[in-house]
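# Predicted coordinates and the sequence they were generated for:
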Amino acid sequence: MAYRFKLDEGIEVGVRRIAAGEIERATSSLAAADGDRVTAIHEARKSMKRIRALLRLVRPALGEAAFQRQNAYFRDTSALLAHTRDTQILLETVTKLDARFEDAPHASLKRLYAEIAAAHAAPEVATEQAARDEAIRRLEAGRARVARLTLSDDSFAAIGEGLSASYRKARRAFARAYEKPDDEAIHDWRKGVQQHWRHMALLGRAWPELTDARHNAARRLSQILGDDHDLHVLRLRLETWTGASLGARERRTVVRLVQRRQAELRVLARPYGERLFADSPRHLAGRFAVYWSSAKALRDVRAAAQVESGTPEEPSAAPTAKEPGRRVAGRRRIG
């Protein structure tokens, strides 16, 4: 099922439909994980992030207690699968760091990659399978949970307040990230950006060309900030490193390289943020309320014109909910 609301359905029905579709997608990914388990787990976790973004969008209409229960349920379900994906991200981060700089300590990075890979080459298969089975069980139970979701309002107002609140939080996090650009502030901003680009996907039918542009800009910004966060995780790993492959001097050299790349990414991220968060939350939510009602009116006009002329109206495109890929960039693969 498409990860976006339909113009011809109530918001409450749309929430249930979209959430059920993501549960189905996540369950199918995990059930077929015997092949590429890393990709399957990653896809399942993305579906659960999409469910949580959906819940946050309708949070005021859902009610705080219900939001907290459902959000925690899918957050904890996703956490069961975190270990496998976190290891893969570490390996990808080392590879991208090596590819980015000509003057990188390539031999040190190659040894680091090999040691991380070796440490996780033989996971506890039974433990991982048990976690996957438990995640599937929880997802199956989650079907009934989302089927019972009720909202206090079935109009666009059920979305507008949540859109404004989520955008406001992300906008404030953007300001803090450059007032005090530490790792925690950047990570908080990243979470807000991720919410916003998923919200643009959900509202794709409001004005496809505009939402597509915001969706793509926020998705790109999320990738940039995601790379920054992955480097932060790698730096923490290096600062507590117990492996035998790297000496203290080599670790410090790699940490300096991590910090250098983070500085580049933060310079790149800022203009994306300035453009994406130029509106006030009140103005953004108000404009989207107009876009939504106009889109519904335009649908009705087109339908009436089609009846009069007998000529089908060409459907408008809407942005897809494609997740940002965490591809390994660069010239070489380590290991």
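Perfect, thanks for sending it. Numbers count the residues shown, from 1 in each chain.

# Look up phi and psi at residue 277.
Per-residue torsions, residue 277: phi -110, psi 30 (degrees, to the nearest 10).

# pretty sure it is touching residue 173, no?
No - at 9.4 Å, residue 277 and residue 173 do not qualify as touching, with contact defined as Cβ atoms under 8 Å. No exception for glycine: its C-beta is placed from N, CA and C like everyone else's.

# These two - which one has more neighbours?
residue 277 (24 against 20; other Cβ atoms under 10 Å).

# Contacts only, for the more buried one.
167, 170-171, 174 (Cβ atoms under 8 Å, 6 or more residues apart in numbering).

# Could you dump those residues into a markdown table and include pLDDT?
A markdown table is the format used below for these (pLDDT from 0 to 100):
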| residue | pLDDT |
| --- | --- |
| 167 | 98 |
| 170 | 97 |
| 171 | 97 |
| 174 | 97 |
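
# Closest one to residue 109 out of those, please.
Closest to residue 109 out of the contacts of residue 277 is residue 174 (31.6 Å), distances taken as Cβ to Cβ.

# Quick check: closest non-adjacent residue to the closest one.
What sits nearest to residue 174 in space, not counting adjacent residues and going by Cβ to Cβ, 6 or more residues apart in numbering, is residue 273, at 4.6 Å.

# What strand or helix carries that neighbour?
According to DSSP states H and E, residue 273 maps onto helix 248-276.

# mind checking how far that helix is from the chain centre?
Distance of helix 248-276 from the chain centroid (Cα atoms, centre = their mean, to the nearest Å) equals 20 Å.

# Check which residues of the following helix or strand past it are buried.
Once the chain leaves helix 248-276, the next helix or strand it forms, by DSSP H and E, is helix 281-309. Within helix 281-309, the residues that count as buried by 16 or more other Cβ atoms under 10 Å are 281, 284-285, 288-289, 291-292, 295, 299.

# mean confidence score for helix 281-309?
What helix 281-309 shows for mean pLDDT is 92.

# for that helix, packing partners?
If contacts are counted by 3 or more Cβ pairs under 8 Å, 6 or more residues apart in numbering; DSSP states H and E, helix 281-309 sits against helix 157-179.

# what does the helix it packs on rub up against?
Helix 157-179 has contacts (Cβ under 8 Å, 6+ apart) with 5, 11-12, 56-61, 151-152, 185-186, 188-189, 191-193, 195-196, 199, 203, 266, 270, 273, 277, 281-282, 284-286, 288-289, 292.

# Now do the one helix or strand residue 70 maps to: which elements does it pack against?
Using DSSP H and E, residue 70 sits in helix 64-79. Applying 3+ Cβ pairs under 8 Å, 6+ apart, one finds that helix 64-79 makes contact with helix 37-57, helix 125-147.

# Following the chain past the shortest one, name the next helix or strand.
Sequence-wise, the next helix or strand beyond helix 37-57 is helix 59-62, with elements assigned using DSSP H and E.

# contacting residues around that next one?
Helix 59-62 has contacts (Cβ under 8 Å, 6+ apart) with 11, 55, 67, 70, 149-153, 157-159, 161-162, 165.

# what about it, distance to the chain center?
The answer for helix 59-62 is 21 Å, by Cα atoms, centre = their mean.

# Start at 10, not 1
From this message on, residue numbering opens at 10, which makes the last subject helix 68-71.

# what about residue 97, neighbour count?
Residue 97 - counted by other Cβ under 10 Å - has 18 other residues nearby.

# Please disregard the earlier target; I meant residue 249.
There are 7 residues near residue 249, going by other Cβ under 10 Å.
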